[in-house]
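A.B. asks: Fold the stuff below for me.
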Amino acid sequence: MAASPPPAVGRLSRRTLLAATGALLLPGLGAGRAGTADASLKVGYQDSTLPELARASGVFEGAPYKVEWVVLPGPAAQLTATYSKAIDLAHLGDTSLIIEQGRSADGWAGGPPLQIIAGWRNLDARYPRIVTAVRTRTGAKTAAELKGLKWGFNFGGLNYVQYLLARRAGGLTTADIDPTQFGDGNAAATAFNADHVDVYSGLGALVGEAVEKGQARIVLTSDDLDIPALGVFAARTDAIADPVRRAVLQDFVGRLARYFAWYADNLDAAERIYIDRVKQSPARARHYVEFGKARLRPIDAELIRREQKIADALLEAGAIPRAIDVSSEFNTTFNAAVN
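C.D. replies: Below you'll find the model as predicted:
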């Protein structure tokens, strides 16, 4: 899937932002800060789908801040942009920060620089979010039978965790396969769909057409491996701690919940957007429109328990060098905006 080019991420001046927002105030916020850069929100996303659909939904119109969508493929680009404050929200998988924390110099002993504030997914088992798929020509049907095959994946986030745990489920090491790392999930899926690699771990929607045509089969899903597989937005902890920025984030999460409600009620319109604006094939758009019918999931103790199991499994597999407590990565205080 071709991603639209990233818009400029330069900071707006106070004068420009005042003109753009009309100095509108968020409820409960005092005047004097609403006309500053606090009233803008740069939202990263890994492809152009959600930005296009969100604009069509209209749910962010009338917000007392300017929403700017920034397309940055892959979790590494999202994280880099968030750390540097080029964007305010990073689009990641729910396991991305586990890898960040586990590989950091001190395991985030001084507190997390980023926290996940919202997560979502489609719960329809017919459209698994993250998969490990294999070309049917290989004859492989189980994880153990992926031995010796060329396996495409990308580092960081859900795709990487799926690759690691699927390989572990098959009792395979890197010496048992031909691992091929790509810059992002779209590149890995493109290689798999073009039959340049035998195995793929990543977003199920990107290879759904090949599966439907019988060119590929799904060996393991993220649910098989007990990976929650949420798409998430992560914000900087310092922004969450600031009352003005927190109010903006809270309002955004509430509007995001309304977006998913709009999507579920407008599947035909969503399909046309996938075809006309995102430039997907009709076959892929039909798969994507069902895949995108998601809803926000509360960030609660059960989710954190499952994420901790993943961190422990990654430690056992040698993917992270230290034991970590993942609870600090997840901010549970935005759940009120989910309903």
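A.B. asks: Can you tell me the SS state at residue 220?
C.D. replies: When classified by DSSP: H, G, I helix; E, B strand; the rest coil, residue 220 comes out as strand.
A.B. asks: That one contacts residue 134, doesn't it?
C.D. replies: No - assessed by C-beta atoms under 8 Å, residue 220 is found out of contact with residue 134, at 9.8 Å. Just so you know, the C-beta spots here come from the backbone N, C-alpha and C atoms, and that holds for glycine as well.
A.B. asks: With adjacent residues omitted, what lies nearest to residue 303?
C.D. replies: Distances taken as C-beta to C-beta, 6 or more residues apart in numbering place residue 228 nearest to residue 303, at 6.1 Å, with adjacent residues excluded.
A.B. asks: likewise residue 66?
C.D. replies: In space, and not counting its chain neighbours, residue 66 is closest to residue 40: 4.6 Å by C-beta to C-beta, 6+ apart.
A.B. asks: Around that neighbour, count how many other residues there are.
C.D. replies: Look at residue 40: counted by other C-beta atoms under 10 Å, it has 18 neighbours.
A.B. asks: was I right about it contacting residue 65?
C.D. replies: Yes - counting by C-beta under 8 Å, residue 65 is a contact partner of residue 40 at 5.9 Å.
A.B. asks: Domain parsing of this structure, as residue ranges.
C.D. replies: As recorded under automatic domain parsing, the domains making up the chain are 14-123+229-337, 130-221.
A.B. asks: looking at those domains, which one has the lowest mean pLDDT?
C.D. replies: Mean pLDDT is lowest for domain 14-123+229-337 out of those, coming in at a mean of 88.
A.B. asks: Could you say which helix or strand holds residue 233?
C.D. replies: Following DSSP states H and E, one finds residue 233 within strand 231-236.
A.B. asks: next helix or strand past the strand ranked longest in the chain?
C.D. replies: Looking across the chain with DSSP state E, the single longest strand is strand 114-121. With elements assigned by DSSP H and E, the helix or strand that comes after strand 114-121 is strand 130-135.
A.B. asks: neighbouring strands for that following strand, and are they parallel or not?
C.D. replies: strand 199-203 (antiparallel), strand 216-221 (antiparallel) (DSSP bridges).
A.B. asks: helix or strand right after it?
C.D. replies: Taking DSSP H and E, what comes next after strand 130-135 is strand 150-154.
A.B. asks: Now do the buried residues in that next one.
C.D. replies: The neighbour-count check on strand 150-154 (16 or more other C-beta atoms under 10 Å) flags 150, 151, 152, 153, 154 as buried.
A.B. asks: a markdown table please, covering those residues and showing distance to residue 241.
C.D. replies: A markdown table is the format used below for the buried residues of strand 150-154 (distance: C-beta to C-beta, whole Å):
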| residue | distance to residue 241 |
| --- | --- |
| 150 | 46 |
| 151 | 41 |
| 152 | 40 |
| 153 | 35 |
| 154 | 32 |
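A.B. asks: and the two most separated of these?
C.D. replies: By the measure C-beta to C-beta, 150 and 154 form the most distant pair in the buried residues of strand 150-154, at 14.6 Å.
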